[in-house]
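1. Need a 3D model of the following:
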Amino acid sequence: MFAISPKPVVSQLLLRVFVVHLEFEMTFCLPLQPEQAQNKSMRNKTRTMSLGLWALTLGATVAALGQPVITSFSGNGVLVCSNLTAGSVAVIEWASSATGPWTNNWAGLDAVTVDSNRMIQVSVPMVYRVRTDFVSSGMALIPAGLFVMGDTFGEGSSGELPLHMNYVSAFYMDTHEVTWSLWFTVKLWNGGNGYSYENLGVGKAADHPVHTVNWRDCVKWCNARSEVDGLTPCYYNEAALTTIYKSGTGTPYPKWGANGYRLPTEAEWEKAARGGPIGRRFPWGDTISWGQANYTAWPLGYAYDVNATQGYNPAWTNGGTPYTTVVGTFAANGYGLYDMAGNVFEWCWDWYSSTYYSSSPGTDPRGASSGTSRVLRGGVWNDVANGARCANRYYVNPSYADYSLGFRCVRGL
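-> Okay, the predicted model is just below:
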C-alpha cells in the first residue's frame, strides 16, 4: 500500500520509509544552487508553502489510517517517522521521482529498528532550505570586489580625480535601462496607492528607455516597483524610516538594508559599467564607434572616436527626437549589462561634489552628504564620445528632466 506525496517543486527528490509492505513517501526541498536561487520567483515560494501544508494534512490522514507517516524533516537533515510497529525494521530510501527507481546507498539507513514509541529518528545525509528572497528577471549579479575608480587616462575633468581604490559589495543591477513599457506598467499600479510624480515620463517606443524623469520621480518609482514585487521599499520621508517616500519634493532618506529597488550609487554604477576589467575607457575597450553605442560621433574631436563619419547615427533618427535606441541594441559588457555607454544618461543616488574623490571612503561610498545636484552617468544619444567614458561624471539639479535623462535600478543582496 502506498501513500504518494506531491511532486517536488524545487528539487527532484523523494524520500520514503519502507516497513514490511507499507511505504510512505514525502518530498522535501534540497539546497538551491546559486543560479537556481536567482531564477525562482515568488510564485515558486508560494507554491512550495502550499504543498507543504497539503503534505501535513495528508500526513494526519495517513496516520489516522494506521499507516507510517514522516512527521518532520528538519533543515539539518533529521527525519522523524511515526506510526510504525515497535521492534520492526525500517528502510529509508530515496528517488528522483514518484515512479522510482528507489534506492538506498546511505550507510546505516538500510535497517533501522523502530523504537518502543513506534518511531524512528535518523540523520539523512542532506540538508534543505527554502529561499524567501528572489531576483527579479532582467537583473545581473555584480560581484563584490575592488576596482580603480576615476579617470585613468587623464583626459576628463578634475572631478574624476584622484584615482582611488574602492571596494563595492555585491548587488544586482537591471541589465537594461528602465523601458517606457516597464515605467508605465508600474505607474498603472501607482494610481490608487498614493504615488505622485512631477513628470509623466515618456519614451519613443515601449522598448526604448523612459526619459524626461527627474531624480525624485525615479526614486518614487523605485519604491513603487518594490511594492509591486512584494519587497521592502528603500526610500522614506524621515530619518526614522517610518513612512514610504511616495510624493512631494523633499529629500528622501535611504534604508540601505532594504531588499527593494533603488538607484545605484555612483561607485556601484562605475564598477558595473567597467564590466570587470580595470582601466578601460569604455565598457568594452578604449575606442568607440556607432557599432558599440548610441552617441554623437565626432572623430575630429577625439582620437578614440574611430567612427568613419560624425553626427547622429542615421539608423536612429527616424521619428524625430529623441534619437534613442531599443534597449539592448548593442553588445553587453562583461557583467551582461547593456547601454552602459550612450542612449540616455542614468541617474545615480549621490549628491555631486567635485572634490568627493579626495575624501571618499574605501568601502561602499555613497556620495557627499549634501549638495545641489545629483550625479548622472553613462553618456547619452546627443553627447559626444567623451561623455560615454566609464569615468565621466555629469550632474544636474534633481528637479531637472528632459529627453536625455533616464535610469536603471539596483538591489542589494
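
2. Show me the shaky parts of this protein.
-> For the chain, applying pLDDT under 70 flags the ranges 1-66, 75, 96, 126-135.

3. Which segments of it make up each domain?
-> Listed by automatic domain parsing, the domain ranges of the chain are 2-123, 137-413.

4. Please enumerate the helices of the stretch 101-250 of the chain.
-> Along the stretch 101-250 of the chain, counting by DSSP state H, counting those that start in this stretch, helices occupy 180-190, 215-228.

5. Pick the most deeply packed of these.
-> Mean neighbour count (mean count of other Cβ atoms under 10 Å) peaks for helix 215-228 among the helices of the stretch 101-250 of the chain, with a mean of 24. The C-beta positions use only the backbone N, C-alpha and C, and glycine is treated the same way.

6. Can you tell me the closest non-neighbouring residue to residue 315?
-> Leaving aside its chain neighbours, residue 315 sits nearest to residue 290 (7.7 Å; criterion: Cβ to Cβ, 6 or more residues apart in numbering).

7. With residue 371 as the reference, measure out to residue 389.
-> 22 Å (Cβ to Cβ, to the nearest Å).

8. Same check on residue 268?
-> Look at residue 268 and residue 371: by Cβ to Cβ, they are 18 Å apart.

9. okay, the two: which has more neighbours?
-> In terms of neighbours (other Cβ atoms under 10 Å), residue 268 is the more surrounded of residue 268 and residue 371; the figures are 25 against 16.

10. surely the more buried one meets residue 172?
-> No - with contact defined as Cβ atoms under 8 Å, residue 268 does not reach residue 172; the gap is 10.4 Å.

11. Overlap in contacts, those two.
-> Residues touching both residue 268 and residue 172 by Cβ atoms under 8 Å, 6 or more residues apart in numbering: 142, 410.

12. ok, back up a step: tell me which of the domains of the chain sits most buried.
-> Per-stretch averages of neighbours, counted by mean count of other Cβ under 10 Å, single out domain 137-413 among the domains of the chain, with a mean of 19.

13. Which parts of the stretch 251-400 of the chain are strands?
-> 253-254, 345-351, 374-377, 394-396 (DSSP state E, counting those that start in this stretch).

14. can you list these in TSV and add distance to residue 278?
-> Formatted as TSV, those follow (distance: least, Cβ to Cβ, whole Å):
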stretch	distance to residue 278
strand 253-254	28
strand 345-351	21
strand 374-377	18
strand 394-396	22
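
15. and residue 225, which of these is closest to it?
-> Across those, residue 225 has its closest neighbour in strand 345-351 (14.4 Å, Cβ to Cβ).

16. Quick check: which helices or strands does the closest one pack against?
-> helix 266-274, strand 374-377, strand 405-406 (3 or more Cβ pairs under 8 Å, 6 or more residues apart in numbering; DSSP states H and E).

17. Could you dump those into JSON lines and include distance to residue 359?
-> Compiled in JSON lines, the helices and strands packed on strand 345-351 are given as follows (distance: least, Cβ to Cβ, whole Å):
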{"stretch": "helix 266-274", "distance to residue 359": "14"}
{"stretch": "strand 374-377", "distance to residue 359": "16"}
{"stretch": "strand 405-406", "distance to residue 359": "28"}
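
18. Quick check: the gap between residue 374 and residue 300.
-> Residue 374 is 32 Å from residue 300, by Cβ to Cβ.

19. er, residue 315 actually
-> 21 Å.

20. Same question for residue 369.
-> Taking Cβ to Cβ, one finds residue 369 at 41 Å from residue 300.

21. again, but for residue 401
-> Relative to residue 300, and taking Cβ to Cβ, residue 401 is found at 32 Å.

22. Over to residue 312?
-> On the measure of Cβ to Cβ, residue 312 and residue 300 end up 15 Å apart.

23. what's the answer for residue 400, then?
-> 30 Å.

24. Work out the gap between stretch 73-84 and the centre of the chain.
-> The chain centre lies 35 Å from the centre of stretch 73-84; the measure is Cα atoms, centre = their mean, to the nearest Å.

25. ok, now stretch 253-263?
-> With Cα atoms, centre = their mean, you get 12 Å for stretch 253-263.

26. For it, measure first residue to last.
-> With Cα to Cα, to the nearest Å as the measure, stretch 253-263 spans 13 Å from end to end.

27. what does that stretch rub up against?
-> 133, 215, 218-219, 222-223, 225-227, 229, 231-239, 241, 245, 347-349, 366, 407, 409-412.

28. where exactly do the strands run in the stretch 101-250 of the chain?
-> Going by DSSP E, counting those that start in this stretch, the stretch 101-250 of the chain shows strands at 112-113, 120-123, 139-142, 145-149, 164-168, 171-174, 235-236.
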